[in-house]
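Trainee: need a structure here:
(2 chains)
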Amino acid sequence: MSGQVPAYLVEAVLFVSARPIGLPDLRSATGLTDEELLSALSGLRERYAPGSSGIVLREVAGGYLLSTNPACAEAVERFRREARPTPLSGAAHEVLACALYLGPLTRGAISRVRGVNSDAVVRSLIERHLLAEVGTDREAPGVPALLGVTEEFLSATGASSPEDFPPVEALVTQEELARVRERLVSPDASLSDAASEPS
Amino acid sequence: MTQEPLGRSLADFTVELDVYSGPYEWLLALILKDELEIFEVPLRELVESYLLARKPDAANGLERDTDFAGSAAALILLKSRTLSPALDADAEGMEDEPLSPEELAERLTQYLKVRRAAEHLKERFDANAGHYTSAHTIPPRQGRLSVKQDRVVLAARQAFSRLIEPPVRHLGPITVTLQELAGIIRTALSGGPVSYERLTSDMDRMNSAVAFAAALSLAQEGALTLAQHEPFGPLTLEPSK
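Mentor: This next block holds a predicted model:
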């Protein structure tokens, strides 16, 4: 491999991996320095720009990943004879939001936040590898499992880490929150009005 | 005229929903096998689909209507049960006491945040859909696999755990037998019809439930008739004629 441009080494390693590869693993596999690695990745990012390539370089889940360009998805799906995974339901998005912003947390805690039993949704998300049991709550009776989002979740949402998501306070306006409080807490509040607010 | 297979009067009824498109029977099977979430199935649309496809003049029209009504009722029951937070109150720290407006507001604001976060996640999933990675799977290398003790314990517990028994601590002891209650009911009926409410007015919840079971048992034997003239209306026990 002597004489190879470093970008080729990185490209070859990324090509054979179905999972994001972090800098330490790339460094270990290629023997390049951090400076050479970053330079190689910069070059690959240009070569695999979404506007001009069927392959794109993504920086997800704490690493780098070569994937097909979404613009080519239909052709890939026809070739692989597989349909695109069914879109997630609204309930599934809510459970993932709980795990991302409030997690790791137990199944019971998720159900408590949503106000409905969420076991079936949790099960389907675990089967889709978007949610995983990441530990146990030793303080709680029965030592229930704690659930958190997975590397696949970060890849599927194009995020490098959970910190890539905007803080939850930025997603809801203070006016909305105040309106809910006002309707419930004020003496002449109408419970029926407030209960229909978030649905 | 072709006969529908026995017990499959709805075999030719197909539905078109956002979450499913195909035979109604398969929809039921998918729901029962937990392949499809019941709360994602719009039951109102399902009923409207059936009404559009209804064949009142068909030879088995009544059987179809009956089968559909039965299965739709079961779906409603299943959906309502699924949506109920069936949590062990003690184990999960759930409170039986009604929430104060402040607590309810706190929960609703938290839920509102989760809803908005879910909407944001949906946008991110949609924006990142259609990426496919290399199909090559790297085999695990020897010596690089490490399994944490916690994970082994968790996996073992999942593999060998039994279903959790529902809590019964809140139930008091049963102080009468079904036979004793059947005797009480028979005595009360000797004077004519008696309302269930009056019969159980002096009983606690547990004995009241056992009295209901005894009444059902006697009704099955033909010893009495249960009459309820409107849904959730008063229940009357009448001696059999």
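
Trainee: per-residue pLDDT of residue 103, please?
Mentor: You didn't pick a chain, so chain A it is. If you check A:Gly103, the pLDDT there is 83.

Trainee: look at chain B instead
Mentor: 80.

Trainee: quick one: what helix or strand has it in it?
Mentor: In the assignment (DSSP states H and E), B:Glu103 maps to helix B:101-127.

Trainee: now that helix: buried residues?
Mentor: By neighbour count on 16 or more other C-beta atoms under 10 Å in any protein chain shown, the buried set for helix B:101-127 is B:101, B:104-118, B:120-122, B:124-125. Just so you know, the C-beta spots here come from the backbone N, C-alpha and C atoms, and that holds for glycine as well.

Trainee: and it, does that touch chain A?
Mentor: Yes: contact of helix B:101-127 with chain A (C-beta under 8 Å from any C-beta of the partner chain) involves B:101-102, B:104-105, B:107-122, B:124-127.

Trainee: elements contacting that helix?
Mentor: Under the contact criterion of 3 or more C-beta pairs under 8 Å, 6 or more residues apart in numbering or on different chains; DSSP states H and E, helix B:101-127 touches helix A:90-102, helix A:107-114, helix A:174-185, helix A:191-195.

Trainee: one more time with 7 Å
Mentor: Other elements packing on helix B:101-127 under the criterion 3 or more C-beta pairs under 7 Å, 6 or more residues apart in numbering or on different chains; DSSP states H and E are helix A:90-102, helix A:107-114, helix A:174-185.

Trainee: show me how far the following helix or strand past that helix is from its chain's centre.
Mentor: Counting by DSSP H and E, the next helix or strand C-terminal to helix B:101-127 is helix B:149-160. The chain centre lies 30 Å from the centre of helix B:149-160; the measure is C-alpha atoms, centre = their mean, to the nearest Å.

Trainee: what residues sit buried inside the helix or strand that comes right after helix B:149-160?
Mentor: Remark: after helix B:149-160, the chain's next helix or strand is helix B:178-189, criterion DSSP H and E. Under the neighbour-count criterion of 16+ other C-beta under 10 Å, helix B:178-189 has B:Leu181, B:Ala182, B:Ile184, B:Ile185, B:Ala188, B:Leu189 buried.

Trainee: check stretch A:128-142 too.
Mentor: Buried, per 16+ other C-beta under 10 Å, within stretch A:128-142: A:Arg128, A:Leu130, A:Leu131, A:Ala132, A:Glu133, A:Val134, A:Thr136, A:Asp137.

Trainee: so the fifth one makes contact with A:Ala145?
Mentor: Right, A:Glu133. Yes: counting by C-beta atoms under 7 Å, A:Glu133 sits close enough to A:Ala145 to count as a contact (4.1 Å).

Trainee: common neighbours of these two, please.
Mentor: Common contact partners of A:Glu133 and A:Ala145 (C-beta atoms under 7 Å, 6 or more residues apart in numbering or on different chains): B:Leu154.

Trainee: next, residue 13: phi, psi?
Mentor: Chain wasn't specified; assuming chain A. Here is the backbone geometry of A:Val13 (degrees, to the nearest 10): phi -70, psi -40.

Trainee: repeat for A:Ala18
Mentor: Phi and psi for A:Ala18, reported as degrees, to the nearest 10, are phi -90, psi 0.

Trainee: hang on, it packs against B:Tyr132?
Mentor: No: A:Ala18 is beyond contact range of B:Tyr132, at 9.4 Å (criterion: C-beta under 7 Å).

Trainee: for stretch A:147-166, C-alpha coordinates in PDB please.
Mentor: Output of stretch A:147-166 as PDB, limited to C-alpha atoms (Å, rounded to 0.1, in the frame of the first residue of the first chain):
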ATOM      1  CA  LEU A 147     -34.300   2.100  27.700                       C
ATOM      2  CA  GLY A 148     -32.200   4.500  25.600                       C
ATOM      3  CA  VAL A 149     -31.700   5.300  21.900                       C
ATOM      4  CA  THR A 150     -29.200   3.400  19.800                       C
ATOM      5  CA  GLU A 151     -26.500   4.000  17.300                       C
ATOM      6  CA  GLU A 152     -29.000   3.000  14.600                       C
ATOM      7  CA  PHE A 153     -31.300   5.700  15.800                       C
ATOM      8  CA  LEU A 154     -28.600   8.300  15.500                       C
ATOM      9  CA  SER A 155     -27.800   7.100  12.000                       C
ATOM     10  CA  ALA A 156     -31.400   7.100  11.000                       C
ATOM     11  CA  THR A 157     -31.800  10.700  12.200                       C
ATOM     12  CA  GLY A 158     -28.500  11.900  10.800                       C
ATOM     13  CA  ALA A 159     -27.200  12.800  14.200                       C
ATOM     14  CA  SER A 160     -23.700  12.500  15.500                       C
ATOM     15  CA  SER A 161     -24.700  12.200  19.100                       C
ATOM     16  CA  PRO A 162     -27.800  12.900  21.300                       C
ATOM     17  CA  GLU A 163     -26.400  16.400  21.800                       C
ATOM     18  CA  ASP A 164     -27.000  17.100  18.100                       C
ATOM     19  CA  PHE A 165     -30.700  17.500  18.800                       C
ATOM     20  CA  PRO A 166     -32.100  20.900  19.800                       C
END
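
Trainee: residues in contact with it?
Mentor: Contact with stretch A:147-166 is made by A:20, A:58-62, A:65, A:96, A:99-100, A:103-105, A:107, A:122, A:129-134, B:121, B:124-125, B:127-128, as judged by C-beta under 7 Å, 6+ apart.

Trainee: next one: stretch B:149-165
Mentor: A:Glu133, A:Gly135, A:Thr136, A:Ala145.
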